[in-house]
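**Student:** Predicted structure and sequence below. I'll ask about it afterward.
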Amino acid sequence: MTPESVVQRQLDAFNARDLEALMATYAEEAQQFEYPATLLVSGAAQVRERSRLRFMEPNLHARLIRRIVMGSVVIDHEEVTRTFPEGPGKLELVAMYEIKDGKIAVARFLFGAKTLDSSV
């Protein structure tokens, strides 16, 4: 299992809203941060709960724009369609994954511009 294949499985599970498949890509002690170091969640239980809540959004989808792989680090540039409190829209995102023993050990998210859907 390569780091790239782990992250691709995670992205596929995210887009399918398959919580069990998503969790299979994360280490038990995984952490997620807002870049660079603001802890969002720590441990598989918190990753599961954050993901479960996100999967409730009806339009949730991540579109991969570009991927960079360097050793055990995978960096994805994505456009994520979401339902924000103020309505549906898109968010630019850079996700940096550190893979250890075939699982995501650390994920850092750099949140970019958010645009709301003007057609709603």
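**Tutor:** Received, thanks. Here the structure is a predicted model, which means the values were calculated and not measured. Numbering: from 1, shown residues only.

**Student:** buried residues in the host helix or strand of Ala27?
**Tutor:** Remark: Ala27 resides in strand 26-34, with elements defined by DSSP states H and E. Applying a neighbour-count criterion of 16 or more other CB atoms under 10 Å, one finds Tyr26, Ala27, Ala30, Gln31, Gln32, Phe33 buried in strand 26-34. In short, each C-beta sits where N, CA and C put it, glycine included.

**Student:** quick one: strands adjacent to that strand?
**Tutor:** When pairing is defined by DSSP bridges, strand 26-34 lines up against strand 38-42 (antiparallel), strand 103-116 (parallel).

**Student:** Format those strands as CSV; extra columns: distance to Val74 and mean neighbour count.
**Tutor:** Output for the strands paired with strand 26-34, formatted as CSV (distance: least, CB to CB, whole Å; neighbours: other CB atoms under 10 Å):
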stretch, distance to Val74, mean neighbour count
strand 38-42, 18, 13
strand 103-116, 9, 16
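
**Student:** in the sheet, who's paired with Phe109?
**Tutor:** Note on Phe109: beta-bridge partners Glu34, Ala95, judged by DSSP bridges.

**Student:** I'd say it and Glu92 touch.
**Tutor:** No. Between Phe109 and Glu92 there is no contact, the gap being 11.0 Å when judged by CB atoms under 8 Å.
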